[in-house]
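Enquirer: Make a model of this:
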Amino acid sequence: MKLKKEARAAGPVVTGFAGAGFKIDGEPTPGGVLLTPEWWRPWDGELNLKALEPLTALTPEFIIIGTGATLVRPPRDLVAALDALGIGVEAMDSRAAARAWSVLRAEDRWVTAALMSNK
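Expert: Sure thing, here's the model as predicted:
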């Protein structure tokens, strides 16, 4: 019997996480990253509406925010501003956020992510 591997959703896949950065599609990248179903790019970890503009411009269902080694609640004004745009926020530590990204993208959900490294 041959098992068939399910096709993954299009877009970048987080294939690893270490304190100083991530592996995106197998390539190490230091520091934080912004992820969309279509692209990824380095991110400096600034947690404000302007820094997340590349993600909000795509009007995702919600933004997954990975806050490094431990969960840190995002600023209330940021959550309120995203809510006003109709975009939800799910904050968690970056390791959990990377796993959530993979699961939600496998379901072909239109989500984005901002993942901080542990610097």
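Enquirer: where in this structure is pLDDT low?
Expert: The chain contains residues with pLDDT under 70 at 1-8, 119.
Enquirer: can you give me the helices for it?
Expert: 53-56, 76-84, 94-106 (DSSP state H).
Enquirer: List the buried residues of the shortest one.
Expert: Along helix 53-56, the positions that meet the burial threshold by neighbour count (16 or more other CB atoms under 10 Å) are 55-56. Bear in mind the C-beta positions are built from the backbone N, C-alpha and C, glycine included.
Enquirer: The longest one now?
Expert: Taking 16+ other CB under 10 Å as the neighbour-count basis, helix 94-106 is seen to contain the buried residues 94-98, 100-101, 104-105.
Enquirer: Show me what that helix is packed against.
Expert: strand 14-18, strand 62-67, strand 88-92, strand 112-116 (3 or more CB pairs under 8 Å, 6 or more residues apart in numbering; DSSP states H and E).
Enquirer: now the angle between helix 76-84 and the longest one, please.
Expert: Spelled out, it's strand 62-67. Relative orientation of strand 62-67 versus helix 76-84 (axes from the mean of the first three to the mean of the last three CA atoms, to 10 degrees): 160 degrees.
Enquirer: That concludes my questions; thank you for your assistance.
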